[in-house]
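*Asks:* dropping a prediction and its sequence here:
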Amino acid sequence: MTSSSTSSARFPRISTHGVPTRCWCGEGITTFGLSTTENRYRRFYRCEIARDDFCFFCDREKNENHLFKWIDEALIEVIRMVDVKHERVAQGITMFEERVMEKVKSELVRVEHEMSEKLKEKVDLEFARVLQEMKQKLKIATVAMVVVGEIVGIWTSLSA
């Protein structure tokens, strides 16, 4: 038998994925190993109630009402379930990375814009300050030239 679990017509068929912990009846599970030629040393899970209902010589159940599952098949199912979960987690991480990168890029653009505006404001203020300073110096230079011109005019009129 290679099914996940079996039951009679009286009970609905219950599928157990992965490693079972309990039978459909609520009883615990025990493990056995076979010594038949076909399944030598192959181990299986079996309901504790039905453990005596298995024929170890013919590899068949006498009573199929309770859980029976090969351990190797259960482990393969677990590995497949872990693979699926791993893929979902990997996709979630990828989506998270993409969202974080979008937010980082958006924040970078915002900060660059903010810094550009602050820099422009500082440059404009410095330019205005330097312009005001130059105007003041130009006024002083103009006054100095007028004074020197007057002095030269007075000196020339006195020397003539």
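*Replies:* Arrived safely, thanks for sending.

*Asks:* rest of the way, CA atoms for contacts and neighbours
*Replies:* Noted.

*Asks:* in three-state terms, label residue 31 for me.
*Replies:* strand (DSSP: H, G, I helix; E, B strand; the rest coil).

*Asks:* list the beta-bridge partners for it.
*Replies:* Residue 31 forms beta bridges with residue 45, as assigned by DSSP bridges.

*Asks:* state the distance from it to residue 68.
*Replies:* In this view, residue 31 and residue 68 are 10 Å apart by Cα to Cα, to the nearest Å.

*Asks:* touching both of those two, which residues are there?
*Replies:* Shared contacts of residue 31 and residue 68 (Cα atoms under 8 Å, 6 or more residues apart in numbering): 44-46.

*Asks:* highest neighbour count among the residues you listed?
*Replies:* residue 46 (26 neighbours; other Cα atoms under 10 Å).

*Asks:* number of residues surrounding the closest residue to that one other than its chain neighbours?
*Replies:* Sequence neighbours aside, residue 68 is the residue nearest to residue 46 in space, at 4.7 Å (criterion: Cα to Cα, 6 or more residues apart in numbering). Residue 68: 28 surrounding residues under other Cα under 10 Å.
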